[in-house]
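Chemist: Here is my input, please return the structure:
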Amino acid sequence: MRRCVCKEPSRRSRILASVSALSVTLALCGCSQPLLVFRGEAEAPPRVAEEPVVTGSIEKRPASFGDDLAEEDWRRARAALSVALDPQGNGRPVKWDNPETGLHGSVNPTGLPYVAEDLICRNFLASVIGPDNSRFVRGTGCKPSGGQWTLRRVRTAKGTERS
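Modeler: Model prediction:
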């Protein structure tokens, strides 16, 4: 059998078909690839100091033996508290007074010192005696090693009214 030259594709048409297929393939592959874009580093926003979270402008008053104690009364009572709760102290009551306001009282440790949450703690019973009334305050004082005593728990039991 003889081949007919007219039925066979020419070399030129085969090259043209190959080039067309190759260009269509490259065009379609280019759609699936990201474009290469060379950008400089993004400009960083200017650094601003972070503002602290403020929940109130007035500090909470530290726990004390009562709201009726003036600043000087509480200073004197706190000094007595420090001496009375001292783990190396003798465990006896320590008195305090303020002649200017007429308030006085004492702090009596009611147990041995113990350690809780890396703090030295001790329970106490304090009395606050004023010209019009008196009361007892039971609580727990704690301090870090070498720090100041702070009141952890405070319960007030009303005393007797004076006439």
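Chemist: what's the distance between C121 and R135?
Modeler: 23 Å (CB to CB, to the nearest Å). Placement of C-beta: from N, CA and C, glycine included.
Chemist: And the strands in this structure?
Modeler: 94-98, 103-109, 114-116, 119-129, 133-143, 150-161 (DSSP state E).
Chemist: angle of the second one against strand 133-143?
Modeler: It stands for strand 103-109. 40 degrees (axes from the mean of the first three to the mean of the last three CA atoms, to 10 degrees).
Chemist: just so I know, which of the strands of the chain lies nearest D67?
Modeler: Nearest of these to D67, taken as CB to CB: strand 150-161 at 10.0 Å.
Chemist: Averaged pLDDT, that closest one. What do you get?
Modeler: The average pLDDT within strand 150-161 is 72.
Chemist: Then stretch 93-112?
Modeler: 92.
Chemist: Quote the end-to-end distance of it.
Modeler: End-to-end distance for stretch 93-112: 14 Å, by CA to CA, to the nearest Å.
Chemist: Just the buried residues of that stretch, please?
Modeler: Burial within stretch 93-112, assessed by neighbour count using 16 or more other CB atoms under 10 Å, is assigned to 94, 96-98, 103-109.
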